[in-house]
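Q: Predicted model and sequence follow; I will ask about them next.
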Amino acid sequence: MARYDSEQEPEPAIVDSVRAVRAGNAQAYAAIVTRFQGPILTLCAAILRDRQAAQELAQDVFVRAYQRLDTFDVRRPMKPWLVKIAYHLAQEKRRTQVRQAARERAAAIEREQNDAVERPGQSLIAAERSDLLWQAVYALPMAERTAVLLYYRESLSVKEVAAVMGISPGTVKTHLFRARSQVQLNLRAKGIDEGDIP
């Protein structure tokens, strides 16, 4: 699983927008939503595995962030702050959706497997393997799956993941180690070496 470091410095345009909102210009908040709505929606969808629920959650994230904008430290990047809000709102929603989400996820994977056809070409084979990788990730227990998503997909540091999940950095590392081991086992059982996946 490739990982790319996130931007650790606050973005000047976002800092300006935060200050404008605090000064009474509510319309300046649109720039913040536009900048982060893609990553936040992707994260919500990855955690909830339900596109409609993810869209509703993403809206809730930006409403909650707007309500708490006075507590945001403009010396820090905004993305980890928004991710933490998204994570906690998702946890609240998940408490009432765990069983339903598990059934839907299992049904979706079964449909994908039943509909799968051989696709020629190296790039399509790589895409197929990548799909299998993320299916293995989504099958992990929630804590391990969330740690993987935040660390690899959202490119947060171990310390940032720990802050979002409310656990110690050591526990994050344990989740990542266990997740990687389980994903490797699942892929090897299907005859795929993780090193083959871009």
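A: Nice, I can see it.
Q: In this structure, where is pLDDT below threshold?
A: When residues are selected by pLDDT under 70, those of the chain lie in 1-8, 95-103, 105-130, 192-198.
Q: Got the domain ranges for it?
A: Domain ranges of the chain: 1-116, 121-198, per automatic domain parsing.
Q: Using TSV, please lay out those domains together with mean neighbour count.
A: (C-beta placed from N, C-alpha, C; glycine too.) Formatted as TSV, these follow (neighbours: other Cβ atoms under 10 Å):
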stretch	mean neighbour count
domain 1-116	15
domain 121-198	17
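Q: Identify the residues contacting stretch 52-67?
A: 21, 29, 32-33, 37, 40-41, 44-45, 47-48, 72, 81-82, 85-86, 89-90, 93, 97 (Cβ atoms under 8 Å, 6 or more residues apart in numbering).
Q: so which strand or helix has the residue nearest the centre of the chain?
A: Using Cα atoms, centre = their mean, the residue of the chain that lies closest to the mean C-alpha position is residue 43, 3.2 Å off. Residue 43 belongs to helix 29-48 when elements are defined using DSSP states H and E.
Q: Can you tell me which helices and strands that helix packs against?
A: Packing partners of helix 29-48 (3 or more Cβ pairs under 8 Å, 6 or more residues apart in numbering; DSSP states H and E): helix 12-22, helix 51-67, helix 78-94.
Q: can you pull the alpha-carbon coordinates of the second one into PDB?
A: This means helix 51-67. Provided in PDB are the C-alpha atoms of helix 51-67 (Å, rounded to 0.1, in the frame of the first residue of the first chain):
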ATOM      1  CA  ARG A  51     -22.600   6.600  -0.400                       C
ATOM      2  CA  GLN A  52     -25.900   8.300   0.700                       C
ATOM      3  CA  ALA A  53     -25.000   8.000   4.400                       C
ATOM      4  CA  ALA A  54     -21.500   9.300   3.600                       C
ATOM      5  CA  GLN A  55     -22.900  12.400   1.800                       C
ATOM      6  CA  GLU A  56     -25.200  13.100   4.800                       C
ATOM      7  CA  LEU A  57     -22.200  12.600   7.200                       C
ATOM      8  CA  ALA A  58     -20.000  14.900   5.100                       C
ATOM      9  CA  GLN A  59     -22.600  17.600   5.300                       C
ATOM     10  CA  ASP A  60     -22.800  17.100   9.100                       C
ATOM     11  CA  VAL A  61     -19.000  17.400   9.300                       C
ATOM     12  CA  PHE A  62     -19.000  20.800   7.700                       C
ATOM     13  CA  VAL A  63     -21.900  22.000   9.800                       C
ATOM     14  CA  ARG A  64     -20.200  20.800  13.000                       C
ATOM     15  CA  ALA A  65     -16.900  22.400  11.800                       C
ATOM     16  CA  TYR A  66     -18.600  25.700  11.100                       C
ATOM     17  CA  GLN A  67     -20.100  25.600  14.600                       C
END
